[in-house]
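*Asks:* sharing a sequence plus its predicted fold:
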Amino acid sequence: MYCWSFFCWPSYNVKCKLQLPKYIKKEHSPKSHRHCIEASNIIKYTLIMAGENVILDPSTALTAPEVLDLGVSRPVPDVFYGAAYDGGDPLTGCPHARTPAGDEVVIIRGRNDVMAVLAHTAFSLAEVPEEAALTGATLQGEYGLLRRDRPDITGVRRLMAPYMRAQALETYQPGLEAAAREAVNFVQRRFDQASATGHGIDLAEFVRVFLPQAATATFGLTEAEWGDIRDYSAETLSPVTSPARMTSMRDSWQGLYDYTQALIENKSQQPDGLLLSNMIAGLKEGGIEGQELVQTVASFLDGIPTIEAIFTVCLAELLQHPQAIQACLDDPARWEATVAELLRHKAHFTFASPRIAREDITLPSGIRIKAGQVVVASLTAALDDQSQLGEDYDPHAFDPDAPASRILAFGAGSHRCPADELSTLWLCIGLKELFTTIPDISLHSPLPPYHGSALPTPFVVPAIRGRDLAGVAK
């Protein structure tokens, strides 16, 4: 559903244009920074401030493949933190990053190194300075789940864990299945309407109908409450693009805290026996009160709507692999492995939230990071790390039969997403109900380019009914 390691909402509504002022001159990183990285194969880049925009230093003269190689090892949409490369032209777009002027952010790519950054206590989320924020997730209050490290966060997670385990989540499965059927009925009606004109539909509509009902069945949220939380999530987890943007994000976090406090009072006075009410009661019994309770619950709720982008990517990718759909229809037990591969293949956030090294540390690959260095772990690169998966493994291929142990889609360590089981359940139930009821869905036209950099997502998923076994629309 979301991951505490890399909260970020795809920037659907963030509109800004990269400016490359003439006064920007080629500058090398200060010598004081060079000693922070002691490995020839580590990739680094410099971010500088330019007015209200944060831009990649054009003096780096990166080519398109090099820009992509900073974070990924497979061909993907040409975006890197929102900085798109258009052919042979200079870098364009609006980077989703903000760091102190001239500071280096180290991109960590190997799977073992990424695991170390996400899980080792030498790296802190809580101590990352606000000026190094890439998204609004870093701007949450002192009790937010991304502003707490071990051992502080461990106690909170233990209180939340009983409500997020697979066995506990089975309680909500009938309601989720009913929600999925409602969404499928809606899609069927949309297909019937479109068939009269020969047009297709945007299959992402299924996601937008299913998720509010899934939130009701699981959390006891009304459709209006889901909409409010979705709006807060879109504002608080979007990229930091300017100081003014940072100020508005802080205001949005405070608005979410006020909203959550009222929600907690309502759920406490009128418990409904669903996940949110039960979790609030459990946190209170564990001694979590006041602003700690409010900010804990708020940061948890804030990540829920990020599944919308994940779900949309899953739909888009599945329609490009009809053989995988057919295999699941033949053997429904395959849905879980298929969802796991969707998460590994494309439906995951590209980067984790930045960490800061508390002490000098040598990563498993031998890269030495100095205390005070900000690092960003590339989840996509780690998931594609062929050195850890064997020479016969093709990281670019979609293969539901490949080992699932490599999945880092939900992060790792003390900030691993606590709702990973719930996310998988929502995805499995929704996809299974949709394709079991309407098995002949196919792409109506080629998918448009994916957009955004936190989790590249298609604007629409053009679909039509009728396909042959190769997935070609009839």
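*Replies:* Yep, that arrived.
*Asks:* once you drop chain neighbours, what's closest to residue 424?
*Replies:* residue 339 (5.9 Å; C-beta to C-beta, 6 or more residues apart in numbering). For the C-beta atoms, the positions are set from N, CA and C on the backbone; glycine is no exception.
*Asks:* if I look at the one you found, how far off is residue 399?
*Replies:* 13 Å (C-beta to C-beta, to the nearest Å).
*Asks:* ditto for residue 379
*Replies:* Separation of residue 379 from residue 399 (C-beta to C-beta): 18 Å.
*Asks:* re earlier: just list the residues touching the residue nearest to residue 424, thanks.
*Replies:* Residue 339 makes contacts with 314, 424, 427, 428, 431, as judged by C-beta atoms under 8 Å, 6 or more residues apart in numbering.
*Asks:* and the residue lying farthest from the centre of the chain, how far from residue 188?
*Replies:* With distances taken as C-alpha atoms, centre = their mean, the residue sitting farthest from the centre of the chain turns out to be residue 196, at 37.4 Å. To residue 188, residue 196 is 14 Å away according to C-beta to C-beta.
*Asks:* equivalent analysis for residue 221, please.
*Replies:* Counting by C-beta to C-beta, the gap from residue 221 to residue 188 is 25 Å.
*Asks:* residue 227 reaches residue 212, doesn't it?
*Replies:* Yes - counting by C-beta atoms under 8 Å, residue 227 touches residue 212, with 7.4 Å between them.
*Asks:* more neighbours: which of those two?
*Replies:* residue 212 (20 against 14; other C-beta atoms under 10 Å).
*Asks:* in what element of secondary structure is residue 167 found?
*Replies:* helix 166-169 (DSSP states H and E).
*Asks:* mean confidence for that helix?
*Replies:* Helix 166-169 carries an average pLDDT of 94.
*Asks:* ditto for stretch 360-370
*Replies:* For stretch 360-370, mean pLDDT rounds to 86.
*Asks:* first-to-last residue distance for that stretch?
*Replies:* Terminal residues of stretch 360-370 are spaced 4 Å apart (C-alpha to C-alpha, to the nearest Å).
*Asks:* where does pLDDT dip in the chain?
*Replies:* Along the chain, the parts satisfying pLDDT under 70 run over 1-105, 386, 388-390, 403-407, 452-453, 467-474.
*Asks:* from the contact counts, what lies against the longest helix seen in the chain?
*Replies:* In the chain, with assignment by DSSP state H, the single longest helix is helix 243-269. On a contact count with 3 or more C-beta pairs under 8 Å, 6 or more residues apart in numbering; DSSP states H and E, helix 243-269 meets helix 223-236, helix 275-285, helix 290-303.
*Asks:* isn't residue 246 up against residue 135?
*Replies:* No - assessed by C-beta under 8 Å, residue 246 is found out of contact with residue 135, at 10.5 Å.
*Asks:* what sits in contact with each of these two?
*Replies:* residue 240.
*Asks:* rewinding a little: more neighbours: residue 221 and residue 188, which one.
*Replies:* residue 221 (23 against 14).
*Asks:* residues contacting the nearest residue to that one once chain neighbours are set aside?
*Replies:* Excluding the flanking residues, the one nearest residue 221 by C-beta to C-beta, 6+ apart is residue 215, at 4.5 Å. For residue 215, the contacting residues are 221, 225, 226, 304, by C-beta under 8 Å, 6+ apart.
*Asks:* now those as a markdown table including distance to residue 346?
*Replies:* Below are the contacts of residue 215 laid out as a markdown table (distance: C-beta to C-beta, whole Å):
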| residue | distance to residue 346 |
| --- | --- |
| 221 | 28 |
| 225 | 30 |
| 226 | 25 |
| 304 | 21 |
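*Asks:* among those residues, which one is most surrounded by other residues?
*Replies:* Among the contacts of residue 215, the one with the most neighbours (other C-beta under 10 Å) is residue 304, at 25 neighbours.
*Asks:* center of the chain, which residue is that?
*Replies:* By C-alpha atoms, centre = their mean, the most central residue of the chain is residue 349, 3.7 Å off.
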